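Peer 1: how would this look folded up:
(2 chains)
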Amino acid sequence: MTATLINIKAEQEKVKEAIKAQGLRVLVCAGTGCVANGSLKVIEKFKELGADVRPMTHQDKVTIVPTGCHGFCEQGVLVVIPDLDITYVKVHVEDVEEIVESHIKNGKPVERLLYVDPKTNEHVFKNEEINFYAKQTRTTLANCGEINAESLDEALSVGAYQALHKVLEKGDSQWVIDEITKSGLRGRGGGGFPTGLKWKFTAANRGGKSYVVCNGDEGDPGAFMDRSVMEGDPHKLLEGMAIAGFAIGADEAYIYVRAEYPLAIHRLRVAIAEAEKRGYLGNNIMGSDFNFTIHIKEGAGAFVCGEETALIASIEGERGMPRPKPPFPANKGLFGRPTLINNVETLANVAPIILKGADWFSSMGTEKSKGTKTFALTGEVNNTGLIEVPMGTTLREIVFDIGGGIRGGKKFKAVQIGGPSGGCLTEEHLDLPMDYDNLIAAGAMVGSGGLVVMNEDTCIVEVARFFMNFTQNESCGKCVPCREGTKNMLKILERIVKGKGEMKDLDTLEELAVAVKDGSLCGLGKTAPNPVLSTLKYFRDEYIAHIKDKRCPAGVCEAMKTIHIVEELCKGCTKCARNCPVGAIEGTVRNPHHIDQSKCIKCGACLNACPFKAIKQN
Amino acid sequence: MSPQTHTGLDYSKVDEILSAYGYEKSNLIAILQKVQEVFRYLPLDAMTYIGTKIEGLSPATVYGVATFYAQFSLEPKGKYEIKVCDGTACHVRGSMPVLNAVYQCLNLKDGVYTSEDGLFSVETVSCLGACGLAPVVVVNGKVYPQMTADAIKIVIATIMNEEEGK
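Peer 2: Okay, the predicted model is just below:
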């Protein structure tokens, strides 16, 4: 078998030559974020102006490469020009001409388009000096932002399908499973189950038809790492799936992608078609006798489909409702056959592990959590975006170094990690090394890796209500404790944020939380009370302030807001009265004004209008 | 949401979709997605039809699947579908004032999500994965980043003007 395998290194050299002939490569991000900011127009303009340019670097020509997500979404459109190792941020169509003239033709960077460090207020010239990137270790995301995601050649040039080639050459499925087990890789979708063990269980049933399923139903609001991998480096995922297929003896696979990710679906389709056409997927892969076909199934908007048995039901065309386990999918999964389900990020880790070895992977991370983890860093932080760091990195490094601290110089309050299944981390956790076990001990979880940073202006009770509203909406209704319990927990939380809560509500919340956790079949119900429990643990005083003092300490909850004018500070300029949309402010020129609380709708228009900061809200 | 029948439903379009997906039970979700693409919602008669045409399915099962997933609508959607993201990142950065501005702009009240002229419909979605640009609004597939109440009003007014000019 091995004798007939293609020479993948030779293939790589061939495409490398072709890419070298492209001359100076200008990388423009074409991920969802940058496309929204207008990157397609920037790309067009570059192509128009750069077509006949001879760059300073003495290369023959300039090639514009639309790439996947660089991760630094907020600063989009991002343009990377490797000759001077420079990243331009917030690039608009109008800026393209200057970049071409100054940078590409004359080798002079356009300073005004460089990233400004929020701490020093200075322009940053070198990529590696941008704090956002400097502290990251990008392995899963290594190629996102480096290559054109819609070109197999570009993927091959950075080593795609070499791990699969190695596996086919060895021809030993047990070796593959051992390597993944040895690496210590754990499921990146939430549960953290050892990946090697899952593969072993499924492989034990080899012989008949079995399936590989990739879970791309990234439903956790606030997480988008899987989207970035599918959009930015689809071949890495496909290769990981094929290796998994070889290991467990499957020849068919499904990727279940959320319908909310149209660009990811498009790029995966392009990638699968090209890989099949050129023999990297499909029949007799790379000249071997291994066959592997990958299908795409679009989801239709149901968070619970991230649960593996619900996901299987959905692929089969049914309502996505979980069923009891056992039987586990490893024994009886899709269409009743043995099925291996891994999430996108997990599978994207497979090829690098096979290629660089289990020891390389396990050299990163902590004792029981190996490798790197991607986090979607969002909320009230200066640098929002997608990051990848070794397991065990502290929250402080993520929020204050990579994230550049809290926006507007406000105070850090908490981080919500793991989405609706996770919990809150507070100041006391800033130096906690983040890995699976430490986070569980702290009452949170890695989950899929959504990190939403909150500042002093975020109301923690409102956030708990937000998550409960989400899980209540997404509860599939099969288990009564989840269906009715989340509904009642939500009702109580709604009461509290409206200033109508009672102290005994807190006990009821905790009681219900236990019932929902214990009485639910799947992960959705088992973890739904987590945000409430963890906020009750760390921010109980805020709940009490809402209940006893009818006060929202963050000043968020509308029902409890009062806006008033401090007489001593008011100069009687009348600006507030003129800005009030409901005529609730009374007063005469040069005399202190008053707000009629019965008319006030708490919109805050006066608050922003007052030039003397005489209007306060509590 | 109450199911609606579609007067003069063109069954040949449904047939086309069914045969493209090989009358396969496991393709039901994809079939419903295509039908919704054509009619902008799932007419009750289309669901019944699909339920009788595919072996192993009943109209009740089709209805069950259609009502399970958030993507499916049993009422006609607007020509412009406004999706306001209310994922965590967008929520924390103020997606609710944006949603309220849309309601105000289109004169929508609780329980009504399509404007009277059928031009716009609005819904919230949980996370479009563009969290770095929060809050985000998507109108017919086009992503509008870092929205505010005022900005979304301009977006809607621009579309209205374009439509009037047609």
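Peer 1: and stretch A:132-145, which residues are buried?
Peer 2: Across stretch A:132-145, burial judged by 16 or more other C-beta atoms under 10 Å in any protein chain shown covers A:Phe132, A:Tyr133, A:Gln136, A:Thr137, A:Arg138, A:Thr139, A:Thr140, A:Leu141, A:Ala142, A:Asn143, A:Cys144, A:Gly145. Quick note: C-beta positions are derived from backbone N, CA and C, even for glycine.
Peer 1: quick check, it touching chain B?
Peer 2: No. Using C-beta under 8 Å from any C-beta of the partner chain, stretch A:132-145 stays clear of chain B, coming no nearer than 11.2 Å.
Peer 1: find the helix or strand that B:Val38 is a member of.
Peer 2: helix B:28-39 (DSSP states H and E).
Peer 1: oh, I was asking about A:Pro531
Peer 2: Residue-wise, A:Pro531 maps onto helix A:530-538 under DSSP H and E.
Peer 1: model confidence over that helix, on average?
Peer 2: Helix A:530-538 carries an average pLDDT of 95.
Peer 1: what comes up buried for it?
Peer 2: A:Asn530, A:Pro531, A:Val532, A:Leu533, A:Ser534, A:Thr535, A:Leu536, A:Tyr538.
Peer 1: isn't the fourth one up against A:Ala444?
Peer 2: No. In this structure A:Leu533 lies outside contact range of A:Ala444 using C-beta atoms under 8 Å: 10.2 Å.
Peer 1: A:Pro327: which of the buried residues of stretch A:132-145 is nearest?
Peer 2: For the buried residues of stretch A:132-145, the closest approach to A:Pro327 (C-beta to C-beta) belongs to A:Thr140, at 31.1 Å.
Peer 1: list the contacts of the closest one.
Peer 2: A:Met225, A:Val229, A:Lys236, A:Glu345, A:Ala348, A:Asn349, A:Pro352, A:Thr372, A:Thr374, A:Glu388 (C-beta atoms under 8 Å, 6 or more residues apart in numbering or on different chains).
Peer 1: could you find the closest non-adjacent residue to A:Asn488?
Peer 2: Distances taken as C-beta to C-beta, 6 or more residues apart in numbering or on different chains put A:Leu512 closest to A:Asn488, at 5.9 Å, once the chain neighbours are dropped.
Peer 1: surely the one you found and A:Glu484 touch.
Peer 2: No. Between A:Leu512 and A:Glu484 there is no contact under C-beta under 8 Å: 9.2 Å.
Peer 1: those two: which has the busier surroundings?
Peer 2: A:Leu512 (20 against 17; other C-beta atoms under 10 Å in any protein chain shown).
Peer 1: ok, then the element right after the helix or strand encompassing the more buried one?
Peer 2: With elements taken from DSSP H and E, the one containing A:Leu512 is helix A:504-519. Remark: after helix A:504-519, the chain's next helix or strand is helix A:523-527, criterion DSSP H and E.
Peer 1: circling back: dump the helix holding B:Val38 to PDB, restricted to CA.
Peer 2: Output of helix B:28-39 as PDB, limited to C-alpha atoms (Å, rounded to 0.1, in the frame of the first residue of the first chain):
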ATOM      1  CA  LEU B  28     -36.000  17.000   6.200                       C
ATOM      2  CA  ILE B  29     -34.300  20.000   7.800                       C
ATOM      3  CA  ALA B  30     -32.500  20.900   4.600                       C
ATOM      4  CA  ILE B  31     -35.800  20.500   2.700                       C
ATOM      5  CA  LEU B  32     -37.600  22.800   5.100                       C
ATOM      6  CA  GLN B  33     -34.800  25.300   4.800                       C
ATOM      7  CA  LYS B  34     -35.100  25.400   1.000                       C
ATOM      8  CA  VAL B  35     -38.900  25.700   1.200                       C
ATOM      9  CA  GLN B  36     -38.500  28.600   3.600                       C
ATOM     10  CA  GLU B  37     -36.000  30.200   1.200                       C
ATOM     11  CA  VAL B  38     -38.600  30.100  -1.600                       C
ATOM     12  CA  PHE B  39     -41.700  31.200   0.300                       C
END
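Peer 1: hmm, who's touching that helix?
Peer 2: Contacts for helix B:28-39 (C-beta under 8 Å, 6+ apart): A:259, A:297-300, A:314, A:317-318, B:6, B:9, B:13-14, B:17-18, B:20-21, B:42, B:46-47, B:50, B:54, B:57, B:62, B:65-66, B:69, B:71-73, B:76.
Peer 1: hmm, back to that, select, from the contacts of A:Thr140, the two members most distant in space.
Peer 2: A:Met225 and A:Pro352 (15.4 Å).
Peer 1: so which of the two has more stuff around it?
Peer 2: Between A:Met225 and A:Pro352, A:Met225 has the larger neighbour count (other C-beta under 10 Å), namely 30 against 22.
Peer 1: so A:Gln22 makes contact with A:Gly50?
Peer 2: No. Using C-beta under 8 Å, A:Gln22 is not in contact with A:Gly50, being 11.8 Å away.
Peer 1: which of those two has more neighbours?
Peer 2: More neighbours surround A:Gly50 than the other of A:Gln22 and A:Gly50, with 20 against 16 (other C-beta under 10 Å).
Peer 1: re the thing from before, list the contacts of the residue nearest to A:Asn488.
Peer 2: A:Leu512 touches A:Gly485, A:Asn488, A:Met489, A:Ile492, A:Pro529, counting by C-beta under 8 Å, 6+ apart.
Peer 1: pLDDT score for it?
Peer 2: 97.
Peer 1: helices or strands up against the strand or helix carrying A:Pro481?
Peer 2: Using DSSP H and E, A:Pro481 sits in helix A:480-497. Packing partners of helix A:480-497 (3 or more C-beta pairs under 8 Å, 6 or more residues apart in numbering or on different chains; DSSP states H and E): helix A:460-474, helix A:504-519, helix A:523-527, helix A:540-547.
Peer 1: from chain B, how far off is the closest residue to A:Val212 other than its chain neighbours?
Peer 2: Nearest non-adjacent residue to A:Val212, counting by C-beta to C-beta, 6+ apart: A:Ala253, 4.0 Å away. Distance of A:Ala253 to chain B, given as C-beta to the nearest C-beta, to the nearest Å: 15 Å.
Peer 1: residue of the stretch 401-550 of chain A with the smallest distance to chain B?
Peer 2: A:Val452 (4.8 Å; C-beta to the nearest C-beta).
Peer 1: do chain A as well
Peer 2: Taking C-beta to the nearest C-beta, chain A has A:Cys73 as its residue nearest chain B, at 2.7 Å.
Peer 1: what separates that residue from A:Gly572, distance-wise?
Peer 2: Separation of A:Cys73 from A:Gly572 (C-beta to C-beta, to the nearest Å): 46 Å.
Peer 1: in terms of neighbours, single out the busier of the two.
Peer 2: The neighbour count for A:Cys73 versus A:Gly572, taken as other C-beta under 10 Å, is higher for A:Cys73 (31 against 16).
Peer 1: check contacts around that one.
Peer 2: A:Cys73 neighbours (C-beta under 8 Å, 6+ apart): A:Gly31, A:Gly33, A:Cys34, A:Thr384, A:Gly385, A:Leu386, B:Ala130, B:Cys131, B:Gly132, B:Leu133.
Peer 1: what about 6 Å?
Peer 2: A:Gly33, A:Gly385, B:Gly132, B:Leu133 (C-beta atoms under 6 Å, 6 or more residues apart in numbering or on different chains).
Peer 1: quick one: end-to-end distance for stretch A:536-553.
Peer 2: In stretch A:536-553, first residue to last residue: 15 Å (C-alpha to C-alpha, to the nearest Å).
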